[in-house]
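Novice: Compute the structure for the input listed below.
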Amino acid sequence: MKRLIGIYCIISIATLLASCAQKSQPAITPKTQLSTIGNGWAENSINATVFRKNSVVSSDNYQFVAYYDSSAHVVLARRKHGSNNWTMKQTRYTGNIRDAHNVISIMVDGDGYLHMSWDHHNNPLHYCRSLQAEGLELGEMMPMVGEDEQVVSYPEFYAMADGGLLFAYRDGGSGNGNLVLNRYDQHTQTWSRLQTNLIDGEGQRNAYWQMHVDQHGTIHASWVWRETPDVHSNNDMCYACSKDGGQNWEKSTGEKYELPIRKATAEVVKKIPQGSNLINQTSMTADEDSNPYIATYYKEAGDSCTQFHVIYLHEGQWKSSTATSRTLDFELGGVGSRSIPISRPQLVILKNGNSKQLALVYRDEEVENNIVLATSSLSNKLNWTSQLISPHPVDRWEPSYDSELLKKQNKLHLYFQRVAQGQAETTISLPPQPVGILEVGL
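Specialist: From the prediction side, this is the model:
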């Protein structure tokens, strides 16, 4: 692959077209640009997993990025919107970079303060925030509410319309955990407990969720159940939403949930049995009418290959669309982080002129581990077309993006870094790799 030099790089169209032609794969878009920042740890996928909420995020004036360097320190970087000049700061905080679960999540509140949670896999909460609005200097670690913060995994921030934040995490382990929600008040600068146990694994399973807060403030949650620590036991896609900021929850039909939600009471929107290569922790979005769209991958009964699917609500009915026609299959199973030929997907809605499109972003070994952007117009029946958008292969990268820039400016900016990943918590020898922001145009 042609070497790309400089801070801004235009994709080598000829090279990627040649690669696509050999495999009869998607066409290429020439509108993608890469802005490089620094070098990040790359011997596993800790910097580039799909469940980083967020790896990159924007305030009114700046875009922020967080990643681990090779010394295990958290590095923060920022640039002004419209600029390509990054300011970097190696913080005092470190993480267990040999466990790909222990990601960094950042978010900016309505006053511009940066919040960060990092280094979690069934261990006590690590949380701090910036000392100044839009600043890179972080304060001391602190608790949020001080309860149920000893066995934390998968920290996720979501920005709310009132300037406050939502914080979700798993309390407990794989196969026996519960979903906790906290709420940050911008005016008092304090956290409170919203839900101690929104989705209850009953000591027998846990929910691996994905969330989205839409333009009306509705919180959408979908999840698969896992019965054991083995990913092979993932099953069923379920759904719930809250229209009052997370206090009360209901099904897509409007039927109220009695909390906590349990397996017997959950709305199953797609029945998917164990052993279907169903992946956990993907993504979802919602249209202007608050109809949810859920991205995932699994193998349908009778199919020869695992495909990406979008499960969505249209006129009160749940539907499913197959977004790919892949031919390279694999067997999904085992405990811990997995080295998988495809990434978990991100799903967003982009404005393109007067129309709106679903955009599915993923990485696939079938196209030499390049990044694919699959799009479809919003309609009853989804019809997908695909493009390659990466300047070079990214090995075991998974997509994460700047959710706030997408909301405010309709710009899709992806965290970009080549990373490796071994089976379970093993590492692969790979020197630190350039970290950047891949700016995706349509």
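Novice: how close does V269 sit to Y257?
Specialist: Note on V269: its distance to Y257, by C-beta to C-beta, to the nearest Å, is 14 Å. C-beta: built from backbone N, CA, C; applies to glycine.
Novice: Please, where are all the helices along the stretch 1-150 of the chain?
Specialist: Secondary structure of the stretch 1-150 of the chain (DSSP state H, counting those that start in this stretch): helices at 13-23.
Novice: Tell me where it has strands.
Specialist: Remark: strands assigned in the stretch 1-150 of the chain by DSSP state E, counting those that start in this stretch are 8-10, 27-28, 33-40, 56-58, 62-68, 73-80, 87-94, 104-108, 114-118, 127-129.
Novice: E288: which of those strands is closest?
Specialist: Closest to E288 of those, according to C-beta to C-beta: strand 56-58, at 21.4 Å.
Novice: next one: the closest one to chain centre, how far?
Specialist: From the chain centre to the centre of strand 56-58 is a distance of 13 Å (C-alpha atoms, centre = their mean, to the nearest Å).
Novice: all numbers from here: first residue = 51
Specialist: Renumbered: residue one is now 51, and that last one reads strand 106-108.
Novice: Show me what it is packed up against.
Specialist: Using 3 or more C-beta pairs under 8 Å, 6 or more residues apart in numbering; DSSP states H and E as the contact test, the elements touching strand 106-108 are strand 112-118, strand 154-158, helix 453-459, strand 462-466.
Novice: Let's have these in a markdown table, adding distance to K130 and mean neighbour count.
Specialist: Formatted as a markdown table, the helices and strands packed on strand 106-108 follow (distance: least, C-beta to C-beta, whole Å; neighbours: other C-beta atoms under 10 Å):
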| stretch | distance to K130 | mean neighbour count |
| --- | --- | --- |
| strand 112-118 | 6 | 25 |
| strand 154-158 | 14 | 25 |
| helix 453-459 | 13 | 17 |
| strand 462-466 | 14 | 25 |
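Novice: Name the residues of stretch 335-354 that come out as buried.
Specialist: Buried residues in stretch 335-354, counting neighbours by 16 or more other C-beta atoms under 10 Å, are found at 335-337, 340-349.
Novice: Max pairwise distance over the residues you listed: which two?
Specialist: Across the buried residues of stretch 335-354, the longest distance by C-beta to C-beta is 30.1 Å; it joins S340 and K349.
Novice: which element is A345 on?
Specialist: Using DSSP states H and E, A345 maps to strand 342-348.
Novice: mind listing what that strand pairs with, with the direction of each?
Specialist: strand 333-336 (antiparallel), strand 357-364 (antiparallel) (DSSP bridges).
Novice: winner for burial among these?
Specialist: strand 333-336 (a mean of 24; mean count of other C-beta atoms under 10 Å).
Novice: Could I have the CA atoms of that one written out in CSV?
Specialist: What follows is strand 333-336, C-alpha atoms only, in CSV (Å, rounded to 0.1, in the frame of the first residue of the first chain):
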residue,chain,number,x,y,z
SER,A,333,-23.9,0.4,18.3
MET,A,334,-27.3,1.9,17.6
THR,A,335,-28.9,5.2,16.5
ALA,A,336,-32.4,6.6,16.0
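Novice: outside of that strand, which residues touch it?
Specialist: With contact meaning C-beta atoms under 8 Å, 6 or more residues apart in numbering, strand 333-336 is reached by 100, 260-262, 264, 268, 270, 272, 342-345, 394-399, 408.
Novice: low-scoring stretches of the stretch 251-400 of the chain, by residue?
Specialist: The stretch 251-400 of the chain contains no residues with pLDDT under 70.
Novice: hey, where'd the strands end up in it?
Specialist: With DSSP E, counting those that start in this stretch as the criterion, the stretch 251-400 of the chain has strands spanning 256-263, 269-276, 284-292, 317-320, 333-336, 342-348, 357-364, 367-372, 396-402.
Novice: How far away from the center of its chain is the first one?
Specialist: Read it as strand 256-263. Taking mean C-alpha positions (C-alpha atoms, centre = their mean), strand 256-263 and its chain are 10 Å apart.
Novice: Ok, the fifth one next?
Specialist: A distance of 10 Å separates the C-alpha centroid of strand 333-336 from that of its chain, computed with C-alpha atoms, centre = their mean.
Novice: Could you count how many residues lie near the residue lying closest to D414 once chain neighbours are set aside?
Specialist: Nearest non-adjacent residue to D414, counting by C-beta to C-beta, 6 or more residues apart in numbering: I392, 5.0 Å away. For I392, the tally of surrounding residues (other C-beta atoms under 10 Å) stands at 24.
Novice: so who does I392 touch?
Specialist: Applying C-beta under 8 Å, 6+ apart to I392 gives the contacts 347, 356, 358, 376, 380, 412-416.
Novice: could these go into TSV alongside distance to L231?
Specialist: As requested, those are exported to TSV (distance: C-beta to C-beta, whole Å):
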residue	distance to L231
Y347	27
T356	31
F358	28
R376	35
F380	34
Y412	28
R413	30
D414	33
E415	36
E416	37
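Novice: Just the buried residues from those residues, in ChimeraX please.
Specialist: Selection of the buried residues among those in ChimeraX, burial being defined by 16+ other C-beta under 10 Å:
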select :347,356,358,376,412,413,414,415,416
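Novice: Just name the closest of the contacts of I392 to Y118, please.
Specialist: Checking the contacts of I392 against Y118 with C-beta to C-beta, the nearest one is R413 at 19.8 Å.
Novice: Secondary structure element holding that closest one?
Specialist: Assigned by DSSP H and E, R413 falls within strand 405-414.
Novice: shaky segments in the stretch 51-200 of the chain?
Specialist: Looking at the stretch 51-200 of the chain by pLDDT under 70, you get 51-80.
Novice: Give me the nearest residue to Q236, chain neighbours excluded.
Specialist: Of all residues not flanking Q236 in the chain, G213 sits nearest, at 3.8 Å (C-beta to C-beta, 6+ apart).
Novice: Could you do L428 as well?
Specialist: Nearest residue to L428, sequence neighbours excluded (C-beta to C-beta, 6+ apart): K406, at 5.3 Å.
Novice: Enumerate every residue touching the one you found.
Specialist: Counting by C-beta under 8 Å, 6+ apart, K406 has contacts 337-338, 399-400, 427-428.
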